[in-house]
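Chemist: return atomic coordinates for the entry below.
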Amino acid sequence: MNQITCPKCGTVINLDESDYEGIVRQVRDDQFAHEVEERAASLRREHEQALELARSQAKAELDRVMAAQKAQLQEALARSSAELQAVKARSASELQEARAASAAALQQAQSAGAAQLAKEQSERTAELMRVRAEADARIAELSAKLESAVEERESAVRVAAQRERMVAQQDAADQKEELREQLAARDAQIASLKAQLDAGATQRDLAVTQAVTEARTTFEEERAKLARDLDAARFELSREQEVRAAEKQQIETAHALELEQARKNSQDLIRYKDEEIERLRDMKARLSTKMVGETLEQHCETQFNQLRVTAFPHAYFEKDNDASDGTKGDFIFRECDEAGNEIVSIMFEMKNENDTTATKHKNEDFFKKLDSDRKKKGCEYAVLVTLLEPESELYNTGIVDVSYRYEKMYVIRPQFFIPMITLLRNAAMNALAYKQELELVRQQNIDVTEFEEKLLGFQEGFNRNYDLASRKFQTAIDEIDTTIKHLQKVKDNLISSENNLRLANDKAQGLTIRKLTRNNPTMKAAFAEAREEAERAAREGVAVEEAPGAEPDLADSYEV
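Modeler: Alright, predicted model coming up:
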């Protein structure tokens, strides 16, 4: 037999193997249908997520391609513009540098020529002045020394001075001509540099034009390539969208088939479940009221036994089988501390009824009896575990305190059975220390009173026991006297019996074979025959062995 518990009412139902396998198959089919529904919902969510992801990926890819193409286009334009500006700047810079270099070279050449000419002129002038000073000094010296020959040599001096002046002039003319030749060479060099500069500017203009043309050609090629890539990306996106649309259609078709199969399985499962519910309802209707009540009691007892070892190792929880006062509850819970002091005690009453019961009971119908049972059995709390009034919002909300009607009484549903015990036990454990202290003080106050009561009780008991002992002693003496009389009678009877036995013994000793066989020819013949056989055996030398413990034949001791 297997047991199942109703999750709604908590009823434990005993089922055979076939019914249990049917319910297990029902639960398994229900779980399978639930899993199918979850799988269908998961597929729907995955399909929608896949579609959304595909849309977002396609949009992101399109945006990325457009952004990349736009960035490449802008980059190409910027690169072309930068290259054009760089070429223009480089050409202008080179032109400016060439012009500056030419001007600097010209200026340097001019300044170098003029400086050289001035230097040479100054040197020539200085040399001339030096020579003239030397000549004047020489003349003065000669004039001073040769005052006498001044006139004679005056012409020679003038000729020499003229010659010197002519030489100096000729040298100055030669130097001017050389300077003119150098200036002409530098002018030719400057003209050549200007021609080269003009030729370089033309080449640079041609290079700039060629670079701009190449940049435009490269830009056009890049733009054409980007356009081709964009067309390819659009084609790839369109093909991907077609593939995903086909996959979507395929997934939707498979999903529709799965939903149809799941719907069919669900309908079969619902039909089977309805049949099973009807069968269980019919089975429950056939249960007696006593059996319905016992299923609730078994459920509560099973719940408690599952936690007895771990949560309530020192607790007492058994059925109330004491009906000596006329009534009894269903279960009694008691728990005591190590000293034997009671922590908490609860009287439980379990009530349940069939759905088809004609007369419906209310929970209030059992309050009075439960309170009476609690007081008779000395329990602190009373708890009604009930499945009655299943539609009542009051009793379905949780633990209901009805102490306003009956002291320390609660009404609960079966699912609150263990929590109710735990709450009352924990509350009692919190107050246990105060109870122990109160019990200690009460015990101390009671000790003196109990001592006096015990002393009085001892005196009364001793007096009562003395009276009883005296009466018993007298009774014993009387019994002894009666016994003595009885024993005397027994003694007399024994003496009389002894006389009778002695007389009987005398009679037995006086009994002989002769007396016994007198007037009895048959016995005489038998004894004579036995004696003859013995004599014959003795003559033949045959020894007759006697059995161990055998008595001697009486016929051998008496004569016939």
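
Chemist: the biggest strand by length in the chain packs against which elements?
Modeler: Across the chain, the strand with the greatest residue count (assigned by DSSP state E) is strand 342-351. Using 3 or more CB pairs under 8 Å, 6 or more residues apart in numbering; DSSP states H and E, the elements in contact with strand 342-351 are helix 289-311, strand 331-336, helix 367-376, strand 381-386, helix 417-430. To be clear about C-beta, it is placed using only N, CA and C from the backbone, and glycine gets the same treatment.

Chemist: which of the ones you listed is buried the deepest?
Modeler: Highest mean neighbour count among the helices and strands packed on strand 342-351 (mean count of other CB atoms under 10 Å): strand 381-386, with a mean of 25.

Chemist: now do the longest strand of the chain against helix 367-376, angle only.
Modeler: With axes from the mean of the first three to the mean of the last three CA atoms, to 10 degrees as the basis, strand 342-351 and helix 367-376 are set at 150 degrees to each other.

Chemist: residue ranges for the helices of the chain, please.
Modeler: 17-145, 150-286, 289-311, 367-376, 393-396, 417-430, 432-509, 513-517, 521-539 (DSSP state H).

Chemist: quickly list the domain ranges of this structure.
Modeler: Following automatic domain parsing, one finds the domains of the chain at 2-272, 287-430, 513-556.

Chemist: and these, which one is worst for confidence?
Modeler: Least confidently modelled of the domains of the chain is domain 513-556, at a mean of 67 by mean pLDDT.

Chemist: who's the spatially closest residue to F312 that is not a sequence neighbour bridged to?
Modeler: Nearest-residue entry for F312: E335, 6.9 Å, with adjacent residues in sequence omitted and distances by CB to CB, 6 or more residues apart in numbering. Legend: beta-bridge partners of E335 under DSSP bridges are A315, V344.

Chemist: tell me which residues of the longest strand of the chain are tucked away?
Modeler: I343, V344, S345, I346, M347, F348, E349, M350, K351 (16 or more other CB atoms under 10 Å).

Chemist: can I get those residues in CSV with distance to E318?
Modeler: Output for the buried residues of strand 342-351, formatted as CSV (distance: CB to CB, whole Å):
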residue, distance to E318
I343, 17
V344, 15
S345, 12
I346, 12
M347, 12
F348, 11
E349, 15
M350, 14
K351, 19
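
Chemist: which one among these gets closest to Y381?
Modeler: Taking CB to CB as the measure, Y381 lies nearest I346 of these, at 4.6 Å.

Chemist: and that closest one, how far from E540?
Modeler: 106 Å (CB to CB, to the nearest Å).

Chemist: then E479?
Modeler: 74 Å.

Chemist: of the two, which one has the most company?
Modeler: Under the neighbour definition other CB atoms under 10 Å, E479 and E540 were set side by side, and E479 has more, 11 against 7.

Chemist: just the pLDDT at the more buried one, thanks.
Modeler: For E479, the model assigns a pLDDT of 87.

Chemist: please begin residue numbering at 42 from this point
Modeler: Sure thing, new numbering starts at 42, so read that last one as E520.

Chemist: mind checking how far it is from F514?
Modeler: 10 Å.

Chemist: now E581
Modeler: 82 Å.

Chemist: what's the answer for E261, then?
Modeler: Separation of E261 from F514 (CB to CB): 149 Å.

Chemist: again, but for N404
Modeler: From N404 across to F514, the span is 66 Å (CB to CB).

Chemist: how about E480?
Modeler: E480 is 45 Å from F514, by CB to CB.

Chemist: follow-up on the earlier one: thought the residue nearest to F353 was touching T463?
Modeler: No: E376 is not in contact with T463 according to CB atoms under 8 Å; the separation is 11.5 Å.

Chemist: dihedrals phi and psi, K401?
Modeler: phi -90, psi 130 (degrees, to the nearest 10).

Chemist: burial count for it?
Modeler: Counted with other CB under 10 Å, residues neighbouring K401 total 10.

Chemist: same thing with A569?
Modeler: Neighbour number of A569 under other CB under 10 Å is 12.
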